[in-house]
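sharing a sequence plus its predicted fold:
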Amino acid sequence: MSVANYFDTMNYGPAPESDNEARDWLAGHDGSFGHFINGAFAPSADGATFETFEPATGARLATLARGGGQDVDAAVAAARKSQGPWAKLSGHERARHLYALARALQRNGRLLAVIEAIDNGKPIRETRDLDVQLAARHFYHHAGWAQLQESEFADHAPVGVVGQIIPWNFPFLMLAWKVAPALALGNTVVLKPAEFTSLTALLFAEIATAAGLPAGVLNIVTGEGETGGLIVDHPDVDKIAFTGSTEVGRLIREKTAGSGKSLTLELGGKSPFIVFDDADIDGAVEGVVDAIWFNQGQVCCAGSRLLVQEGVAHLFHERLKRRMETLRIGSPLDKCIDMGAIVAPVQLQRIEALVKKGVEEGAVLHQAKLEMPKGGSFYPPTLLSGVQPTSTVAVEEIFGPVAVSMTFRTPEEAVQLANHTRYGLAASIWSETIGLALDVAARLEAGVVWVNATNLFDAAAGFGGKKESGFGREGGREGCYEYLKPKAWQGLKERKTAKLPELKSVANDFAAPPVDRTAKNFIGGKQARPDGNYSRAVVSAKGKLLGEVGEGNRKDIRNAVAAARKAAGWGKATAHNRAQILYYIGENLSARAGEFADRIAAMTGVSNANARREVEVSISRLFTYGAWADKYDGQVHNPPLRGVALAMPEPQGVVGIVCPPEAPLLGLVSLLAPLIAVGNRVVAIPSEPHPLSATDLYSVLETSDVPPGVINIVTGSAMELGQVLAAHNDVDAVWAFGDAELSAEVEKLSTGNLKRTFVDYGKAIDWYDTTAAEGTLFLRRATDVKNIWIPYGE
Amino acid sequence: MTAKTADRSAREAGLQNFAADQVVTGDSHRGAANERDPRSGAPPSNPPSSNHWPRNPGMALDLGWVMDTRVNLSATEKRVATLPGRRTVKKDAQAAWLLKALTCIDLTTLNGDDTAERVRRLCAKAMHPLRPDLIEALGMGGRRITTGAICVYHRFVATAVEALDGSGIPVAAVSTGFPAGLTPHPLKVKEIEASVADGAEEIDIVITREHVLTGNWQALYDEMRDYRAACGDAHVKAILATGDLKTLRNVARASLVCMMAGADFIKTSTGKEGVNATLAVTLTMLRAIRAYEERTGFKVGYKPAGGISTAKDVLNYQFLMKEELGREWLEPDLFRIGASSLLADIERQLEHHVTGAYSSFHRHAIG
C-alpha cells in the first residue's frame, strides 16, 4: 500500500515488533533446552524430550527436556541443600538478591516480552506493558518483604522447599508471583513451567544466574503433567503452590492429603461482571474488553459472565457489539492488535466445542466479522447472549475469548446470580453509586472484587479465590503467610493416644439415682435427639459410666450444616455484637466454673487443680477472641493507582470442627471461638472420648444469646463425622484435630468443593500455650482475605 | 419519523445545509477506491465529502438524558492509557495519517499582538502547508493538501478571507467574547453576525462556563440556540472550555446540551485555560457524540484544541476518533485540530519519512 492508499482508506497497516533478538536467543541454544538444576542446565537423565510450538503459526519453537523422577530428585535435592544457607542469609541480603532480579528483569524486559509473545501467542502489548512490568514489580515488592521479614514476620519461619507448578496463560508473570515471595521469605524452589510455555522460565534462569542468584535456590524442571505429579508426590517437598485448572487442583489436594505439605491453589473461575443501570455504560463496555478479550480470555479471573441490569441490557449489548467490531486480531508481535493467538490447537478446539454447545443450548451467538489471520490458533471475540443459568456455558469455565451474558432485575438478584457458582475468584461491579457498589462488593463471594474496573493486579494486593477457585493468596502481606510457617507449631510432638478406660460393671443398689441427663445434639439453637437414636457411653477415667451422648450420624451432620447455613446473619452482625456474645459465654461459663471443672476431672482424670485451670484458660480464650472480634481488621493496600484496595478478612462461612480428644473444654473453645469471632458458623464434633464438656455447654450457649445455628454440636465418632463434614459440599472449611489418619481423611475428602482444611497431622498443640494455641494464627485460618479494588476520581 | 429515517430522508432529499465550496480540504477521497475498511467495519472508506452529512438541526433539551449521563474517570483514563499500546501506525501508513491530520488542522493565531500581516503569513502557510517536493515524494503530487481552516479573531476575518480567496479554505472566527465568554449576550450574538458578515464560514463560540458549573442547563441550551441561529449557514463549533469545567461528568453533560442546541462541532478548549485538550476529555466528548448520533442519527464533529503539538500526540487523537466514532470522523468535515505548532512537527516527521534523516524546523516554511 502506498501513502496515497493509506491516506484514502485510513487503514492501520502492519506494525511488527522485531523478533530478531528472540530468534537469536533460541538459535544460540540450538533450539534445545535442558532443565535448570543447581545452577546449571542439564538434559533429562533419561534423555527424554518434548517439543514446544508457536501458537500463531504452529511452527516448532524448541525442544525441551521432559523431566523424570531422577531430574525431579536432583532438583529437590539441590533446593534442599541450598535452603538452609539461603534462609540463613539476613533479610537484607536476600533483599539485595531480589532487588538484583527485579533490575535484571527490567534490563531484559524487551527480550522477555518478545519471547513470551512468540511462545504464548499473546500480544506484545500485553507482555511488554503488563506481564513483564508486573513481574518486575513483584520482585521489587518482595525484595521489600525480605528486607522486613525479621521485623514483620519474627514469629514465622520459611516453609522450606517449595514445588511450584504454573500455567501457560501468564507464564512469566505466574513465575514471578510464585518465585518472588518464595525466595524473598527464605524458601527454595523447584518450579515446573507449563509444557506449552517454558521458554521465559528458562530465560529467567539465565538472567537470575547472571544476577548472582546462588545455585540451587531456584530450580526449573520442564515437562508435562507427569513431571508436575512427580514434584507433587516428592516426599522432600514442603509445599506445593499450584496455579491451573480446578480439576488438577483437586488432584493435587487428593495426592498431598495427609502428607503435611502446605498447599496454595489458584484455580479456575467464572467471574461475574455486573453492570448496574447507573453505570458508565461506555466505561463498562470497555471493561468487558479488558475482562474477557484480555489475553484471549485465557485468564482465570476473566469477567466471563456478564450480568446486566435489564433496563440497560439492550443499550449495553448494542454498544458492546459495536465495540467488538473495532477489535483487531493478529500476530502477537503486531503492535496494532487487541488479541493474539490461542495457546494451542487443543485449547482452540475446546473453545469451539463449548461455544457450539452453548448455541445448541439456546444462546444467541455474536461474533464480530473481523479479519482473521491465516493459520495458527485464532478465535474471534465472542458474545453469547440470552444464556440461561442452566446452560453449560453459563457454568463452565471456557478459558477463551467468550463472554456469556444474562440479565438481572435488582441488586439482590445480581448478587444471587453472581454467587450462584462453584467458583469464587473475582468479580467486577459497574455502578456510579458508591453505596450500591460497595454493598454488592461486600456480598460477593470472591477473593478479588474490582469496582468500576477489571483485571487489576499488583504485588501489594493479594490475589486468590474462594470456593472451588482455590485457596491461598499471592501478593501483599496476606500472600507472604503462604510461604511461612508459625515457629510456635514447629517441633510439635506426636499426640499420645490415651487408652480409653473401659466401663467397669458395678452392682446397683437402692439409692435414688441422680436425675437422668441424656445429652442430645445441639442444632439450630435447640437440643435435638440424634437421628439414629443410638447412644454412646461416656466413661470416666476410672471406668465409671458418666452418662450417655447421642451417636451422631450423617443426617445429624446434614441438619447441623443446614442450620449453620441458615444462620448467615452472624457474618453480618457487628463485630461489637459478636464480641459481646463471646464475653457473655465466658461470663456464663465462669458462673459454672466449678461444675465444668468437676466434669473435666471426672472424664479425663486430671487433678481438680488442672481441671480448674482448663476452665479458667477457656474463659480467658473466650475473652481473647471477644477482644479480637472487633480488632482483627483488614488492611488498606496501596497499589499504584488513584484509589485503594481494601484487604478485608471475611469469614469462610460454615466450618466443621473436629475437636481434639484431649482438653475437652479448652480444645473446643480454642477452635470454636476464633471461628465465630470473625463471623463463621460452626458444626463441632466434641472430643470423642470426653464429649460432656461440650454437651454441658449447651445451656451456657442458650443463656448467652448465641443466635440459633451459629454453634451446632453433634456428638459421636470423630472419624466418621469428620469424614461426613469433609465430604459435605455445603461446608466451606473443616478444622480437624486428632490422629494423623483423621487429618489425611479430611484433606482427601475435602476435594468435592475444595474446602479449606486446617489439620494437625496428629501432632498435638499445647492448648495452654498462648503463642501456639490462640490469636492471629487461628484468626488467619478462620478468614479469607478479599481485596476490593476501588479506583476513584470524578 | 424516527431520527434515523429523518437522517436518510434528509440525505435523499439533498437537504444540504452548506455550500459545496465550504470546507473543501483534503479532497483525496474523490480519487479513492471504494473499498471498505475491513477492520473498522465503517461504511465506505471513500470518505464523505464535506457537504455529505446533513447538518445537526438540534433537538429539544432532554434534561433526563443529560442528567442520566455518567462518566467514570478511572475507566476513562484506563482506556486512553492503553490505547497507544493497542494502535499504532508505521512507515507509509504513519505518513498518510499525519498528512490526514495536517488537512484537519485549524491553523490558528489568537494572540493580542496579531496583525494583518501576521494573519496573511498564516494564510499562506494554510494554502501551502507542506513543501511541494515532500508532497511529490510522498506520492501525493496532484492532490491538493491544505489545512482545514484558518482560525482568527473577528478583527482579522476579512483579512483572512481575502488572503485565502480561491483556495477553498474556510475562515473560522472565535467569537462570543472569546476566551472567557463573559461579554453581554446581545453583544455576543452581534459579534457572530459581524464575523459571518465578514465572510467567516465557521464560528467557534465559547459557552458560559457558569451555566455548567451551576447546573443551569436550560441557560446553556438557550444561549447555544441563539448562537446557532446567529450563525445562519456558517458552522458553529461550541467551545466547552473543558479545563474550566473540571469534571468529565460536566464535560459529557455540556457536550450533550450543546449538541441538542444544534452545535455542528463540539470543541474542547480556547487554548487559554490551564488545561486544554486531553485524551480523557476527548474520549468523553466522542462518546457523547456517538450517543447523540445513536439517538438522533446526526453526526457532530469534534475539535480538540490546545496542547496537541507533536505528531505523536495527534496520532493518538486520530486513533480515538477512528476507534470510538469510525472512519468518517477522520476527515476535516467531522474532525478539526486547533493547533499552532503541530504543523511544524508534522512537516519534520514527513521529511524524515521521505529522507530517513531527522529534520529541522528551519527546513520548512514558517507559518
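That came through fine. Residues are numbered from 1 along each chain as shown, chains lettered A, B, ... in the order given.

quick one: buried residues of stretch A:402-418?
Neighbour-count burial for stretch A:402-418, with 16 or more other C-beta atoms under 10 Å in any protein chain shown as criterion, is recorded at A:402-408, A:411, A:414-415, A:417-418. C-beta here means a position set from N, CA and C on the backbone, and glycine is covered the same way.

do the same with stretch A:81-99
A:82-83, A:86-87, A:89, A:91, A:94-99.

related to what we said a few turns ago, would TSV of the buried residues of stretch A:402-418 with secondary structure, pLDDT and distance to chain B be doable?
Formatted as TSV, these follow (DSSP: H, G, I helix; E, B strand; the rest coil; pLDDT from 0 to 100; distance: C-beta to the nearest C-beta, whole Å):
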residue	secondary structure	pLDDT	distance to chain B
A:402	strand	98	20
A:403	strand	97	17
A:404	strand	97	22
A:405	strand	97	19
A:406	strand	97	22
A:407	strand	97	19
A:408	strand	98	19
A:411	helix	98	17
A:414	helix	98	18
A:415	helix	98	21
A:417	helix	98	23
A:418	helix	98	20
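
may I ask which two of the residues you listed are separated the most?
A:402 and A:411 (26.3 Å; C-beta to C-beta).

gap between stretch B:117-133 and the chain center?
Centroid displacement of stretch B:117-133 relative to its chain, using C-alpha atoms, centre = their mean, to the nearest Å, is 19 Å.

which residues sit against that stretch?
Contact partners of stretch B:117-133, identified using C-beta atoms under 8 Å, 6 or more residues apart in numbering or on different chains, comprise B:99, B:102, B:105, B:107, B:109, B:141, B:145-147, B:149-150, B:152, B:156, B:159-160, B:163-164, B:167, B:169, B:343, B:347, B:350-351, B:364-367.

do that again at 6 Å, thanks
B:102, B:107, B:109, B:145-147, B:150, B:152, B:156, B:159-160, B:163-164, B:167, B:169, B:343, B:367 (C-beta atoms under 6 Å, 6 or more residues apart in numbering or on different chains).

in it, what counts as buried?
So stretch B:117-133, judged by 16+ other C-beta under 10 Å, has buried residues B:119-131.

nearest residue to the residue most central in space within chain A in space, please, no chain neighbours.
In chain A, the residue lying closest to the centroid (C-alpha atoms, centre = their mean) is residue A:471, at 1.5 Å. Leaving aside its sequence neighbours, residue A:471 sits nearest to residue A:756 (C-beta to C-beta, 6 or more residues apart in numbering or on different chains; 5.3 Å).

go on, residue A:319?
Per C-beta to C-beta, 6+ apart, closest to residue A:319 is residue A:285, 4.9 Å.

who's in contact with the helix or strand encompassing that neighbour?
For residue A:285, the element it lies in under DSSP states H and E is helix A:281-292. Here helix A:281-292 makes contact (C-beta under 6 Å, 6+ apart) with A:273, A:275, A:302-304, A:316, A:319-320, A:323, A:403, A:430, A:454-455, B:72, B:75, B:79, B:287.

how about stretch A:701-720?
A:521-525, A:549-552, A:556-557, A:560, A:563-564, A:566-567, A:570, A:581, A:584-585, A:588, A:658, A:681-686, A:688, A:691, A:694, A:738, A:742.

give me every residue in the stretch 101-250 of chain B lying close to chain A.
Taking C-beta under 6 Å from any C-beta of the partner chain as the contact definition, the stretch 101-250 of chain B meets chain A at B:138-140, B:247.

can you confirm residue A:380 is in a strand?
No: applying DSSP: H, G, I helix; E, B strand; the rest coil, one finds residue A:380 to be coil, outside a strand.

do stretch A:446-455 and chain B meet?
Yes: for stretch A:446-455, a contact with chain B is found by C-beta under 6 Å from any C-beta, at residue A:452.

that stretch: how far from the chain's middle?
Its chain's C-alpha centre and that of stretch A:446-455 lie 16 Å apart, by C-alpha atoms, centre = their mean.

now swap in stretch A:155-169 and tell me
Distance of stretch A:155-169 from the chain centroid (C-alpha atoms, centre = their mean) equals 13 Å.

return it as PDB; C-alpha atoms alone will do.
Extracted in PDB, the C-alpha atoms of stretch A:155-169 (Å, rounded to 0.1, in the frame of the first residue of the first chain):
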ATOM      1  CA  ASP A 155       7.300 -15.400  64.700                       C
ATOM      2  CA  HIS A 156       7.400 -17.200  61.400                       C
ATOM      3  CA  ALA A 157      10.000 -19.300  59.600                       C
ATOM      4  CA  PRO A 158      10.200 -20.200  55.900                       C
ATOM      5  CA  VAL A 159       8.300 -23.300  54.800                       C
ATOM      6  CA  GLY A 160      11.300 -24.900  53.200                       C
ATOM      7  CA  VAL A 161      11.500 -26.400  49.700                       C
ATOM      8  CA  VAL A 162       8.600 -25.300  47.600                       C
ATOM      9  CA  GLY A 163       7.300 -27.100  44.500                       C
ATOM     10  CA  GLN A 164       5.600 -24.700  42.100                       C
ATOM     11  CA  ILE A 165       3.600 -25.600  39.100                       C
ATOM     12  CA  ILE A 166       2.500 -22.700  36.900                       C
ATOM     13  CA  PRO A 167       0.100 -22.400  34.000                       C
ATOM     14  CA  TRP A 168       0.600 -21.300  30.400                       C
ATOM     15  CA  ASN A 169      -1.700 -18.200  30.400                       C
END
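
brilliant, that's me finished.
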